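A.B. asks: fold the following.
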Amino acid sequence: MVVKKLKREDVLAACIGGAVLASGGGGFYEHGLEMGYAAVAINEVPLLSLDELEEDDIVLTQTAIGAPAGTTDWQMLGRDYIKAVQLILEKHPHPEKIKGLMTPQNGKSSSTNGWLAAAALGLAVVDATGDLRAHPTGKMGNMGVANDLSYQTIQAVSGGREDTGRHIELAVTGTSAYTSKILRIASDLSGGFIAAARNPLSVSYLKEHAVVGGLSYALDLGYEILSHQGKSGPEIIEQIAAFTSGEILGTGKVIKKDIIYTDEAFDIGQVHIKVGRSTLIVHVQNEYMAVDTKSGKRLATYPDVISLFRTADAHPLSTNEIELDQEVTLFKIDKSQFPLSSGVTDPSVYPEVEEALGIDLYRHAFRGN
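C.D. replies: Predicted coordinates:
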């Protein structure tokens, strides 16, 4: 068996490809680079497919929980990612079966989730994701266990500034639905963004419910983008569309940005883009979740990938980077063009997001208009 070792150049590719799949969230680009480079600097990190593990081996999900718009005073250090995993290893009845870490989503930093803890603790990074793109709630990346009352999970978090007294370390057991609520509160109390590890799941389960090869998708997309550096922004966006079978929804100027931070560690609101004589409305809950015309026609709905590029240089914009009068290009990869996990096809994970946004999602995504 030839085991791939993650290299320094893979860090950049993962973050660049992940930035497109981040859909406005997925963490912070610089943070992803920092954690990824630290990982490959301290140890060789194997990237394993699920087929390279035993069926009863266990994989943890590593993530960051909170609002990515940069409006809060958060702090996550490398040691926080490591500590979150250690807390689960201490609490799990069979820690020797835990062989690797995976990310629940791709994103600007979330594509390198787990790399540093894997390097520090002698684990592997596993080539699977809980969702190909980024999403606002843990339930959407929980691969079908979000509301399974028979599944008892372990979830742990670490993060926050010690100098302000907001550093928190916490490990909880229980159902995914209720422990996830506790972690979201901990994120807010720590400053709005916190490192987490959760959901010990078997390889056999992941083969059925995760996006197998989801990290490789981000890596391949990142290398494709890097191969076109030096071209204009519009040319790079066209290449991304061709590589992903994506679609450009329109290019225009931002005329309105109305996003607020909530005490549940969410950034919620809308971004309006003037495209010719039309106005496109992007609905935001941490990530871009839907796109409507002003007349109410739905153009894109989660779990479609929805990206907003700065047109001039094809930089994928997080919600905190959007500015009024900016020229942007709105982009979509339809969900039919990539594999979906059990988490995003589960109707029970949608109501709380639909209520927060005041729009339908699941009906548009899976039942037609």
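A.B. asks: please count neighbours and contacts with C-alpha atoms only from this point.
C.D. replies: Will do.
A.B. asks: where does pLDDT dip in the stretch 51-200 of the chain?
C.D. replies: 67-72 (pLDDT under 70).
A.B. asks: which stretches of it form strands?
C.D. replies: Remark: strands assigned in the stretch 51-200 of the chain by DSSP state E, counting those that start in this stretch are 58-66, 98-103, 124-129, 152-159, 168-175, 193-202.
A.B. asks: tell me the buried residues in the first one?
C.D. replies: Within strand 58-66, the residues that qualify as buried by neighbour count (16 or more other C-alpha atoms under 10 Å) are 58-66.
A.B. asks: redo those residues as a markdown table? Include distance to Leu330.
C.D. replies: Shown next, in a markdown table, are the buried residues of strand 58-66 (distance: C-alpha to C-alpha, whole Å):
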| residue | distance to Leu330 |
| --- | --- |
| Ile58 | 39 |
| Val59 | 35 |
| Leu60 | 34 |
| Thr61 | 30 |
| Gln62 | 29 |
| Thr63 | 26 |
| Ala64 | 26 |
| Ile65 | 26 |
| Gly66 | 24 |
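A.B. asks: and the residues you listed, which is closest to Ala39?
C.D. replies: Gln62 (14.1 Å; C-alpha to C-alpha).
A.B. asks: ok, now how distant is the closest one from Gln337?
C.D. replies: For Gln62, the distance to Gln337 (C-alpha to C-alpha, to the nearest Å) stands at 26 Å.
A.B. asks: just Ile185 next, same as before
C.D. replies: Distance from Ile185 to Gln337, by C-alpha to C-alpha: 35 Å.
A.B. asks: got it, and Gly276?
C.D. replies: 28 Å.
A.B. asks: strands of the stretch 201-350 of the chain, start to end?
C.D. replies: 211-212, 247-261, 267-275, 278-285, 287-293, 298-301, 305-310, 315-316, 327-333.
A.B. asks: ok so, going back, so for Ile185 and Gln337, which sits in the more crowded spot?
C.D. replies: Taking neighbours as other C-alpha atoms under 10 Å, Ile185 and Gln337 compare with Ile185 leading, 16 against 12.
A.B. asks: the more buried one is in contact with Glu264, isn't it?
C.D. replies: Yes: with contacts counted by C-alpha atoms under 8 Å, Ile185 reaches Glu264, the gap being 6.2 Å.
A.B. asks: tell me the pLDDT at the residue located most distally from the centre of the chain?
C.D. replies: For the chain, the largest distance from the centre (C-alpha atoms, centre = their mean) belongs to Arg277, which lies 33.2 Å off. You'll see Arg277 listed with a pLDDT of 94.
A.B. asks: show me this structure divided up by domain.
C.D. replies: Annotated domains of the chain cover 4-216, 233-366 [automatic domain parsing].
A.B. asks: TSV for the strands of the stretch 51-200 of the chain, including distance to Ile268?
C.D. replies: Formatted as TSV, the strands of the stretch 51-200 of the chain follow (distance: least, C-alpha to C-alpha, whole Å):
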stretch	distance to Ile268
strand 58-66	12
strand 98-103	23
strand 124-129	24
strand 152-159	23
strand 168-175	25
strand 193-202	15
